[in-house]
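Asker: structure of the sequence below:
(one chain, ligands or ions: 2)
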Amino acid sequence: MQIKLINQSNNPTPGYETVASAGMDLRAFVEEKVILKPFERKLIPTGLFMELPVGFEAQVRPRSGLALKHGITVLNSPGTIDADYRGEVKVLLINLSDTNFEVNNGDRIAQMIIAKHEQAEWLEVEILSSTERGAGGYGHTGLQ
Ligand SMILES: O=c1ccn([C@H]2C[C@H](O)[C@@H](COP(=O)(O)OP(=O)(O)OP(=O)(O)O)O2)c(=O)[nH]1
Ligand SMILES: [Mg+2]
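Answerer: Numbering: from 1, shown residues only. Ligands and ions are numbered 1, 2, ... in the order given. Below you'll find the model as predicted:
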C-alpha cells in the first residue's frame with residue numbers, strides 16, 4: 001500500500017528494518033538534545049506528516065530495547081494517528097528509570113505500525129446474547 005508522506009526532518013524516512021517487520025522506527029527530529037529526567041514525559045517531534053487512507057490508522061508503540069535498557073516507553077501507547085490527521089507525528093515518551101535519558105536528533109525512539117480498522121455503528125438493543133463467559137472476567141477462569 002502507499003501512504004502520502006512529507007518528511008520535513010533531516011533524518012531518513014522511516015522504513016522496515018527487516019523484510020517482515022511490522023513496525024517502522026520513528027526518529028526524533030530535534031534541534032538540540034532533549035533530556036528526560038526520571039519520570040519526566042516529553043512530546044518528541046518526528047518531522048513527519050502523513051495522509052493515511054481512510055480505514056487505516058497508525059499506532060505509535062514503544063521499542064522494546066529502549067524499554068528494557070533505559071526504561072523508556074510511550075506513555076499513551078499505542079498512540080493513535082487518525083487518517084484525517086494532518087499535523088506532525090509526535091511521540092510522547094516517558095522515562096520510567098531512575099537516571100536521565102538523552103534523546104538526540106535521529107535517534108530511533110519508537111515504532112509505528114500501520115493497521116486497518118473498522119468504524120462501527122451502534123445497534124441499540126434490549127438484550128445481549130447469552131454466553132458461557134457471561135460477565136466473568138479479570139481472571140475468573142483462574143490465573144494459572
Ligand atoms: O502518539 C500520538 C498520538 C496522537 N497524535 C496525533 C495524531 C492523532 O490523530 C491526534 C489526536 O490523537 P488522540 O485522539 O489520541 O488525542 P486526543 O487527546 O483525543 O486529541 P483530539 O481531541 O485532538 O482527538 O494527535 C500523535 O501525533 N502522536
Ligand atoms: Mg481523539
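Asker: please identify the buried residues of the helix or strand hosting residue 80?
Answerer: Here residue 80, judged by DSSP states H and E, is contained in strand 79-81. Under the neighbour-count criterion of 16 or more other C-beta atoms under 10 Å, strand 79-81 has 79, 81 buried. Every residue, glycine included, has its C-beta placed from N, CA and C.
Asker: and stretch 127-137, C-alpha only, in CSV?
Answerer: Only the C-alpha atoms of stretch 127-137 are listed here, as CSV (Å, rounded to 0.1, in the frame of the first residue of the first chain):
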residue,chain,number,x,y,z
ILE,A,127,-30.9,-7.9,25.4
LEU,A,128,-27.5,-9.3,24.5
SER,A,129,-27.0,-12.9,23.6
SER,A,130,-26.0,-15.3,26.5
THR,A,131,-22.6,-16.9,26.6
GLU,A,132,-20.6,-19.4,28.8
ARG,A,133,-18.5,-16.5,30.0
GLY,A,134,-21.3,-14.2,30.7
ALA,A,135,-20.0,-11.3,32.8
GLY,A,136,-16.9,-13.2,34.0
GLY,A,137,-13.6,-11.5,33.5
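Asker: doesn't residue 113 make contact with residue 25?
Answerer: No: counting by C-beta atoms under 8 Å, residue 25 sits too far from residue 113 to count as a contact (11.1 Å).
Asker: of the two, who's got more company?
Answerer: residue 25 (17 against 14; other C-beta atoms under 10 Å).
Asker: just grab the bridge partners of that one for me.
Answerer: Taking DSSP bridges as the rule, residue 25 bridges to residue 111.
Asker: what sits against it?
Answerer: 14, 17, 63, 108, 110-112 (C-beta atoms under 8 Å, 6 or more residues apart in numbering).
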